[in-house]
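**Student:** give the three-dimensional model of this entry:
(2 chains)
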Amino acid sequence: MALFSVKDVSKTYSNYKALDRVSIEVEKGEVFGLLGPNGAGKTTLIRIINQITAPDEGEIFFMGEKLRAEHVQMIGYLPEERGLYKKMKVGDQAIYLAELKGLKKAEAKKRLEFWFEKFEISSWWDKKVEELSKGMQQKVQFITTILHEPKLLIFDEPFSGFDPINANLLKQEILSLKEKGATIIFSTHNMESVEEICDSIALINKSKKILDGKVTEIKQRFNENLYEIIIPSSFNIEEIKMEGVEIRAITPKQLTQELVLKIDNEQKADFISRIISKTNLISYRELLPSMNQIFINAVSKQ
Amino acid sequence: MNKINIIIKREYFTRVKKKSFIVMTFVVPILFLALVFIPAILSQKALTVSKVLVVDQTLVEKNGVKSSLFLNKFKNNDELTFVYGYDIKKAQDDLIKKEYDAVLELVKTNDNPPIKGFLYYGENELSLVSQQAIQNQLTDIFKNHILTYDYGMSEKDLAWFNDPKIGFYSKNILSGEDSNKGVQTVLSVILGFIIYMFVFMFSSQVMRSISEEKMNRIVEVLVSSIKPIQLLMGKIVAIALVGLTQLLLWGVFFAIMIFSLQGIYPDAFNSSKNENITITQKVPASASFNEAIAENSEINKIIQQVFSINYGLVLSTFLFYFLAGYFLYAALFGAVGALVDVDTDVQQFTLPITIPLIIAMVCFPLIINSPSGGVAFWLSIIPLTSPMVMMMRIPFGVPAWELILSMAVMIIFIAFCVYIAAKIYRTGILMYGKNITYKEVWKWLKYKN
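**Tutor:** Here you go, the predicted structure:
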C-alpha cells in the first residue's frame, strides 16, 4: 500500500505553470527520489506535500486519508534553504521547533539529549547558533527535522553544504531511519546518491513527470544490452566479429584492451562460448545505464 | 491554537528578555522626566541677579516738599536688584569698575511725558527681558505717581485699579465646558506623540522580525509546522503584548519616580498650592468677590481643567487606538517584511506606509488650534491617521458618534489590511532572490489559496 500518493496535482503561478498533472506514489518504508533539473517544480511539489502551498487541482493522500493540517506532525521536512534563528541558543531552538511539531517540552528535551550525544554535539546546547559553523548548523537542523519521529521524511538536497565525512554520516542516518520504518522522499540532482540510497524515483522536468518507477526496473527499462569485455591486447578483434554483435568502443591498455559491445540477447550465449574458445576472457560484465545517463537522456529528449 | 501559543510565548519572551527592552524600560522614563525637570532646575539655578543703580534726577515739588519720584519704588525680583544713588559721574565710574551691572539714569525733560530713562551698561548688556521689566516698572511707577498725587487715589484703590481682576469666561453652551484649553492642549500633544511613537516602534518590530525569519530561511521550516497566518498572528499578538508590558512598566516606573521625587523635593510639588492659598487670603473682601478672584486665578483654572478631563475615556481610547493603530501598521509593515529579501529594499516599500504617519505629525499644530475643524475631523476618521489625530482630539471632547464612526472604520480597515497582509505574507516569505515590484505584489493578491 502506498503510504503517500499525489494524484494529478497542478499548480499555476499567475502566468507560469509550476506543476502539470503530476502523480507520484511512495511506498511505505522506501526511499523515494524526486529528481529533476533546477526549476522543474520539485520544490513546489514538496511545498504542496508540506501544506505550505495548496495545489490548484489534484488530491494528496497520506496513509489512506486525504492530507489534513494535522498530518504535519507526522512529516519532517528539511528544506533546501536551511536556516535557524541566529541569536537563539541551540537547545532552546531545537525544543521550540519540536514543540511546534507537537512534542511536549520534557519529551523533546529527552530525545534531544539522546541525539546530541549521538552526534557528539552536547557541548553546543547553550551556544548561540551564530557561533556554530555552517556544517554544525546543518547537523542541528537535521536533528530538529527527525526529532518528532515522523512517518514521512522529506529531504530537499540534504547533502549540499556537508563535507564528505558529514555527508556520509548523514547518509548512514537516512538509511538507518529507513530501517526503522520511516518513509523518505529525497529530492536531489546528485545522481550518485540516488543510485546509492533510492529505491524508487520520479523524474520531473518542465512541470511534468516524465519518468517514474523502481530504480532497478528503470535501469532494466533503459538497458541497451551493452557489455564490457576485457581481453588481451594481442587478440585480433576481427576474429570475434559476428552477426548481432556491434562494437561500440575499444580502449587499448598496456596488456589488455577494453571493449564495449552491444550484443543481441539471442546471440549472447554463442558469443561468449566463441570468445572463450579463442582467447583468455579476463572480464565480462553487463553495462547498465547509470541514473545520471538516464536523467540526461530523459531530460534532453523532452 | 496551542501552536499559536507556542509562537506567542517565544516571540514575547525573547523580546522581553532582551537587553534593549530592559534598557528602554528604565531609560525612557528617566529621559522623559529629565526633559521636564532639567530646564526647570536649570532656569532656577542658573539665574544671575543683576544689580542696577538708579540715579534719580527727577525731584518733584508738591506742597513745598521736594521728593524724588522713583526713590525706593523699584521692586526687586529674581533677576534684578535696585540700589539708589545721586551722582551720575561716580555711578558711571563704578559701572566701569563693575560694582554694578547697569546704571539707570532718570531725568526730567520738558516733553510730554516729562520723564526719560537712560540705561547704561558696561561689558554685559542686560537681557532684553530685564530691560523690558525695567521699562515696565518705570511706566507703572510714573502712572501710580500721577494717580496718587494728581488724582488723589488711595493706595488700596490704586492696587484695585491696576488689576481689577475682571472675570472673563468662555463656555461651550452644548457641553457647558470651560473653553480655556491650556491643559487639554498639553495633554493632546503628549497623547498624539506617544501614540505615534508606540505605533511606529512596535509595528516596525513586526517588520524586522518577519524579514529576519525570511532572510535566515527558518521560515520555511516554521510554515511546514504551522500555517503562515498562525505564525503572522502569533507574532503580531506577541509584540502587542510586549508593547503593553512596556507601557505598564513605564506607568509603574513613573508612579514610583514621582512619589520618590515628591519625598525628596516636597516644595516643588506643593508650591502651587501655597501660592494658591496666599492669593485667596490676600483679599479680605466679601465671599463672592473672594470666590470670583479665586476662580479667576490661573492656577485654579489649571486645576479645574486638570479635573475636568475624563481620564477613564482618555485611558480607554488610548488603549484602543494604541492597539488598533499597532494592528493596522503591524499588518502593513508585516507585509513589507515578507516582501523584502535584502535590507536595502525596505525603503522602497516602507515609504508609502510612513507618509500617513508623517502627515499626522505635520498636522499637529492645525489640530490643536482647531480640534473640531475639518482637517481634525477627517484625519480622525481616516484609519491611517486616526490613532494619532483622534487621541489628540480626545482631551478637547469629541462627539460620541464621531468616536464610534472612527473606531468602526478602523476595525473594518484593520480586517481588510490583515487579510491583504496575510496574502502577501504567505507568498512573500517563500520568494527569494527575486526583485519584487508592486505589479508582482498585485498578482499575489489575486492568487487563490
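**Student:** OK, contacts around B:Lys214?
**Tutor:** Residues in contact with B:Lys214, defined by C-beta atoms under 8 Å, 6 or more residues apart in numbering or on different chains, are B:Gly337, B:Ala338, B:Val340, B:Asp341, B:Gly428, B:Ile429. No exception for glycine: its C-beta is placed from N, CA and C like everyone else's.
**Student:** 6 Å instead?
**Tutor:** B:Ile429 (C-beta atoms under 6 Å, 6 or more residues apart in numbering or on different chains).
**Student:** what pLDDT, on average, does the helix or strand B:Gln135 falls within get?
**Tutor:** Using DSSP states H and E, B:Gln135 sits in helix B:128-145. With pLDDT averaged residue by residue, helix B:128-145 scores 89.
**Student:** give me the distance between the nearest residue to B:Ile381 once chain neighbours are set aside and chain A.
**Tutor:** Of all residues not flanking B:Ile381 in the chain, B:Ser406 sits nearest, at 5.2 Å (C-beta to C-beta, 6 or more residues apart in numbering or on different chains). With distances taken as C-beta to the nearest C-beta, to the nearest Å, B:Ser406 is found 37 Å from chain A.
**Student:** for B:Ile381, same thing?
**Tutor:** From B:Ile381 to chain A the distance is 36 Å (C-beta to the nearest C-beta).
**Student:** that residue contacts B:Met407, doesn't it?
**Tutor:** No - between B:Ile381 and B:Met407 there is no contact under C-beta atoms under 6 Å: 10.0 Å.
**Student:** before we move on, the earlier item: so the following helix or strand past the helix holding B:Gln135 versus helix B:128-145, what angle?
**Tutor:** Remark: after helix B:128-145, the chain's next helix or strand is helix B:155-162, criterion DSSP H and E. For helix B:155-162 against helix B:128-145, the angle by axes from the mean of the first three to the mean of the last three C-alpha atoms, to 10 degrees is 130 degrees.
**Student:** distance between helix B:155-162 and the chain's centre?
**Tutor:** Relative to the mean C-alpha coordinate of its chain, helix B:155-162 is positioned 38 Å out (C-alpha atoms, centre = their mean, to the nearest Å).
**Student:** next SSE after that helix?
**Tutor:** helix B:182-215.
**Student:** buried ones in that next one, by neighbour count?
**Tutor:** Using 16 or more other C-beta atoms under 10 Å in any protein chain shown as the test for burial, helix B:182-215 gives B:183-185, B:187-189, B:191-192, B:194-196, B:198-200, B:202-207, B:209-215.
**Student:** what about the next helix or strand after that helix, near chain A?
**Tutor:** For helix B:182-215, the succeeding helix or strand toward the C-terminus, using DSSP H and E, is helix B:219-223. Yes - contact of helix B:219-223 with chain A (C-beta under 6 Å from any C-beta of the partner chain) involves B:Glu220, B:Val223.
**Student:** what ranges do the strands span in chain A?
**Tutor:** With DSSP state E as the criterion, chain A has strands at A:2-13, A:16-27, A:31-35, A:57-62, A:65-66, A:75-78, A:152-156, A:183-188, A:200-205, A:208-214, A:226-232, A:245-252, A:256-263, A:283-287.
**Student:** and of those, who's closest to chain B?
**Tutor:** Closest of the strands of chain A to chain B is strand A:75-78, at 4.3 Å (criterion: C-beta to the nearest C-beta).
**Student:** where does the stretch 301-449 of chain B get nearest to chain A, residue-wise?
**Tutor:** For the stretch 301-449 of chain B, C-beta to the nearest C-beta, closest residue to chain A: B:Lys443, 4.6 Å.
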